[in-house]
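*Asks:* Sequence plus predicted model, see below.
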2 protein chains.
Amino acid sequence: MKRASIKDIARLASVSHSTVSRALAGSSLVNPDTADKIRKIADQTGYRPSAAARSLVTSRSATIGVVVTTIADPFAAEAVLGIEDAANEHNYSVILANSNAQPEREVKVVRSFEERRVDGIIVTSSRVGASYAETLSRTRMPIVLLNNQHPSEFIHSVMIDNFAASRELTGHLLALGHRRIAYVGDRYGYQSDTERYGGYRSALESAGLKVEPQYVMLGDGKPEEGGAAAAALMALKPRPTAIFCYNDMTALGAMAEIAARGLKVPEDVSITGFDDLFFAKYTAPPLTTVRQPMREMGRMALETLVLLCDGGEPQHNVQARGEVIVRQSTAAPKEVL
Amino acid sequence: MKRASIKDIARLASVSHSTVSRALAGSSLVNPDTADKIRKIADQTGYRPSAAARSLVTSRSATIGVVVTTIADPFAAEAVLGIEDAANEHNYSVILANSNAQPEREVKVVRSFEERRVDGIIVTSSRVGASYAETLSRTRMPIVLLNNQHPSEFIHSVMIDNFAASRELTGHLLALGHRRIAYVGDRYGYQSDTERYGGYRSALESAGLKVEPQYVMLGDGKPEEGGAAAAALMALKPRPTAIFCYNDMTALGAMAEIAARGLKVPEDVSITGFDDLFFAKYTAPPLTTVRQPMREMGRMALETLVLLCDGGEPQHNVQARGEVIVRQSTAAPKEVL
DNA sequence: CTGAAAGCGCTTACAG
DNA sequence: CTGAAAGCGCTTACAG
């Protein structure tokens, strides 16, 4: 059984399909009574206008494409939730694609978005490598980057001030009396990591301290490597009294590793994260971190994209507000230098 | 600047647009040389066939709709990752929608999927209330439920044997010597909760124990209420020596609450979860739980949906394998009855 | 192998 | 207020 088309409704209502189209679009050009009748029939029939047919003539799909490295990353998931919520309010649908950080996949995703004529694209926390950036900017679709910036004038972005937040968080550690503060970053060179490292470095230098290369480790933003980095760090002499993890996932692994070694947080070593993912307040002890309003950032990205689609000129680099959240994973070091 | 259409390519290649269509579809009906030439031109131009136009004539959209309660739930995120990965292999795109457990939203989502003519729908871990179920089954699109079943012959499902896994997990607790085992479920009546409760109850009864109503609490599947339930449970006398949490999120909150009260897991009370979310191995102590192969389940759901779309007759209730994972959050009770 | 024609289901000037 | 007509960009019998 085929789906009813606009012509079927027209026949049932004894009007032309043009009139059905107008009535259903809520045009004021149609007699209220006929409009009512048509709507009633459409309702009963369960008629659903074809988005494809519509988009063919309007050349807008009311669809946006969202690429994430992986939706299994809680940061991406929260952001996508915000994006979809806002998209729903604007009657946009979202097509979700995981790039898995694979270049071939990134290319395929963009191609698919082009074929589907999405009205715009949001790219979340990917490293946006050189080739990807080129693919993206070659496309004429509006693009908003989440947690990333790009010099192209065609690409907008939403992010917090990672540098400032990181500097403040490091300042918190310094104020507690820490002098040997390690940094566990991300080897994939995400922009957010670079900026956080910059803030860490800047805070240290302002306090008259140097960055000790041995205290700077690189992970992959996931718990396991956070644990490995913590293990290496705790084997050092003198070992650091605090570990600044570039994100909460890294901190999660670091804390587990430290507990496994019979050491205590924060007595033996303070730990900080970044993001304030849902689990941060439930770790043992609860994690000091920087809250990123991920859901809100997703909404902001969608809103600027919609503005762009409507021919508006939104702010180029939208800034969300990060906030240091002090919990119990940080305390004064036992032994002060 | 408008997008190039098939006619533009036809003009550039000095052939009819029919031939372009065939060449790009890889039809054997076209001269290899012309085909090559056409493909080359299409490539250079960055031509992208319109999915909308194609789907209008083929009446297939190569798109599937996925509804989750919220993508911020790690279970849903993992499942969606599996779905999207598999969809990508079959050249399907996925439209993601969050229902937020709001009936109006559920209705709107299904309507939108119908307008977009998705080839099928996957519904993940929602409680699929009466009205939703009706909306869903009225639609003629193939539907696969993840973590849920439905008596309709038109709706397929993928889930693990929750009853058996739960029974086995409870058996693990009983074998350790526990006799006062609490259960923290979900007040929204998810089918998975009902089945897990059934397994818990069955194991208890097989051991000659009764379910003590005071040891059965209802949360909402999230950490905060897991914590509240644990607090109430620990105030009981005699208090339970083990708490079976119906999912890991609940267990996460319960463990934090217990730690906050100065009690220790598993010395003072054993805790079990369900799902084996990414953080389960990083809690302090690591969580004993039931692993659900979420990503694989997502893939299975997509595969059965694709089979359905191709007119096949996949198994109605596909069963994935759950597995009890014993970590350190469970141990023999200190004081044995 | 190739092209002309029809048609998928809509929207929207255009004419009345 | 309403309808007939054109057209969006494809695919696919049909005829050659």
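*Replies:* Looks like it came in fine. It should be emphasised that the depicted structure is a prediction, and the values quoted were computed from it without experimental measurement.

*Asks:* so what does the lowest-mean-pLDDT helix or strand in chain A touch, helix or strand wise?
*Replies:* Sorted by mean pLDDT, DSSP states H and E, the helices and strands of chain A end with helix A:130-138, the least confident at a mean of 75. With contacts defined as 3 or more C-beta pairs under 8 Å, 6 or more residues apart in numbering or on different chains; DSSP states H and E, the packing partners of helix A:130-138 are helix A:103-115. For glycine as for every other residue, the C-beta is placed from the backbone atoms N, C-alpha and C.

*Asks:* What parts of the stretch 1-150 of chain A come near DNA strand D?
*Replies:* A:14-19, A:22, A:28-32, A:34-35, A:53, A:56-57, A:59 (C-beta under 7 Å from any atom of the strand).

*Asks:* which of these are close to chain B?
*Replies:* A:A53, A:L56 (C-beta under 8 Å from any C-beta of the partner chain).

*Asks:* Looking at the residues of the stretch 1-150 of chain A next to DNA strand D, which are in helices?
*Replies:* Applying DSSP state H to these, the entries found in helices are A:H17, A:S18, A:T19, A:R22, A:P32, A:T34, A:A35, A:A53, A:L56, A:V57.

*Asks:* OK, contacts around the third one?
*Replies:* Contact criterion C-beta atoms under 8 Å, 6 or more residues apart in numbering or on different chains gives A:A10, A:A13, A:V30, A:T34, A:I38 as the residues in contact with A:T19.

*Asks:* Which of those residues fall in strands?
*Replies:* Secondary structure from DSSP state E places none of the contacts of A:T19 in strands.

*Asks:* Can I get those residues in TSV including distance to B:P266 and pLDDT?
*Replies:* Output for the contacts of A:T19, formatted as TSV (distance: C-beta to C-beta, whole Å; pLDDT from 0 to 100):
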residue	distance to B:P266	pLDDT
A:A10	70	95
A:A13	69	95
A:V30	70	92
A:T34	72	94
A:I38	66	96
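
*Asks:* farthest pair in those?
*Replies:* Across those, no pair lies farther apart than A:A10 and A:V30, at 12.5 Å, counting by C-beta to C-beta.

*Asks:* And the contacts of the least confident helix or strand of chain A?
*Replies:* A:103, A:106-107, A:110, A:121, A:123, A:126, A:128, A:143, A:150, A:152, A:154-155, B:46.

*Asks:* Next secondary structure after that helix?
*Replies:* Moving toward the C-terminus from helix A:130-138, the next helix or strand (DSSP states H and E) is strand A:143-146.

*Asks:* near chain B at all, that next one?
*Replies:* No. Against chain B, strand A:143-146 shows no contacts by C-beta under 8 Å from any C-beta, the least distance being 14.6 Å.

*Asks:* mind giving me the domain split of chain A?
*Replies:* A:6-49, A:61-161+A:294-321, A:162-292 (automatic domain parsing).

*Asks:* B:L96 is nearest to which of the ones you listed?
*Replies:* Here domain A:61-161+A:294-321 is closest among the domains of chain A (C-beta to C-beta), at 4.2 Å.
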